[in-house]
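[1] sequence-free structure coming up:
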């Protein structure tokens, strides 16, 4: 049975996230329904990561199997046609070996987080970035972020509902840039805990506002207690950027 790997983008505002939830709109369900409309075959689409409600993707990867072989370009065109009324698009599709798995074959994932700091509330970007009305100090946020790089017990930045077997994770990159009112976080690791990126950003925002010192990030990390960390940043600023295999 041929297996197909897809790369897709989506604007997640109107979805409950990647994963199926009974009676609710999800990214996974929308793609599976579009495939069924194309070839009348029930398939299960497996994603490389489960994004939450309101989270977006620039390069999510998924896979599915189809019984009759199909031309990849034809699949892409047809599925995108049936996704016309959705904020989801297939960017690329290719046939892969049967041992490829979008989630378990992945060895590195990247996220971007976008935060806009200004006095006026957001209009055009209100579902695409986290609005912060106070100015932020980029330099001290960068200093605070350094304490998170490496392999740590990230319990402080882990959601209570996280299903990961261990809080031990390796963070390879957490870079922060600022251009005008837009502050962008670039985060890279083999895998992540639930809400880990959003909890990083919420904590570093406290540093940028001057409510915390950079060393307070290290102190919070070492406490291994979620209540010691900062708030969870809004979902709307988070983007699944890409995944390596």
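    That came through fine. Bear in mind the structure is a predicted one, so any value in this text is a computation, not a measurement. Numbers count the residues shown, from 1 in each chain.
[2] when you work out contacts or count neighbours from here on, use the C-alpha atoms and nothing else.
    Fine.
[3] could you pull out the strands in this structure for me?
    For the chain, the strands defined by DSSP state E occupy 3-10, 46-47, 56-65, 88-96, 108-117, 130-132, 150-153, 168-171, 173-179, 182-189, 238-244.
[4] got the ones you listed as a markdown table, with mean neighbour count, mean pLDDT and distance to residue 232 columns?
    Below are the strands of the chain laid out as a markdown table (neighbours: other Cα atoms under 10 Å; pLDDT from 0 to 100; distance: least, Cα to Cα, whole Å):
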| stretch | mean neighbour count | mean pLDDT | distance to residue 232 |
| --- | --- | --- | --- |
| strand 3-10 | 21 | 98 | 22 |
| strand 46-47 | 21 | 97 | 24 |
| strand 56-65 | 23 | 98 | 16 |
| strand 88-96 | 18 | 98 | 25 |
| strand 108-117 | 22 | 98 | 12 |
| strand 130-132 | 21 | 98 | 11 |
| strand 150-153 | 14 | 98 | 18 |
| strand 168-171 | 17 | 98 | 18 |
| strand 173-179 | 16 | 98 | 17 |
| strand 182-189 | 19 | 98 | 15 |
| strand 238-244 | 22 | 98 | 11 |
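[5] can you tell which of those strands is closest to residue 206?
    strand 130-132 (10.9 Å; Cα to Cα).
[6] what packs against the closest one?
    Packing partners of strand 130-132 (3 or more Cα pairs under 8 Å, 6 or more residues apart in numbering; DSSP states H and E): strand 108-117.
[7] at 10 Å what do you get?
    strand 108-117, strand 182-189 (3 or more Cα pairs under 10 Å, 6 or more residues apart in numbering; DSSP states H and E).
[8] can you list the residues that contact it?
    Applying Cα atoms under 10 Å, 6 or more residues apart in numbering, the contact partners of strand 130-132 are 113-122, 125, 181-183, 205, 209, 233-238.
[9] distance from the chain centre to that strand, please.
    Its chain's C-alpha centre and that of strand 130-132 lie 17 Å apart, by Cα atoms, centre = their mean, to the nearest Å.
[10] could you dump the strands of the chain to CSV with distance to residue 26?
    Converted to CSV, these look like this (distance: least, Cα to Cα, whole Å):
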stretch, distance to residue 26
strand 3-10, 11
strand 46-47, 12
strand 56-65, 12
strand 88-96, 11
strand 108-117, 20
strand 130-132, 22
strand 150-153, 31
strand 168-171, 28
strand 173-179, 29
strand 182-189, 25
strand 238-244, 16
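[11] for residue 39, find the nearest of those.
    Distance to residue 39, taken as Cα to Cα, is lowest for strand 56-65 among the strands of the chain, at 12.1 Å.
[12] give me the sheet partners of that closest one and which way each runs.
    strand 3-10 (antiparallel), strand 46-47 (antiparallel), strand 238-244 (parallel) (DSSP bridges).
[13] nearest to residue 194, out of the ones you listed?
    Among those, strand 238-244 comes nearest to residue 194, with 12.7 Å by Cα to Cα.
[14] tell me where this structure is predicted with low confidence.
    Within the chain, the set of residues satisfying pLDDT under 70 is empty.
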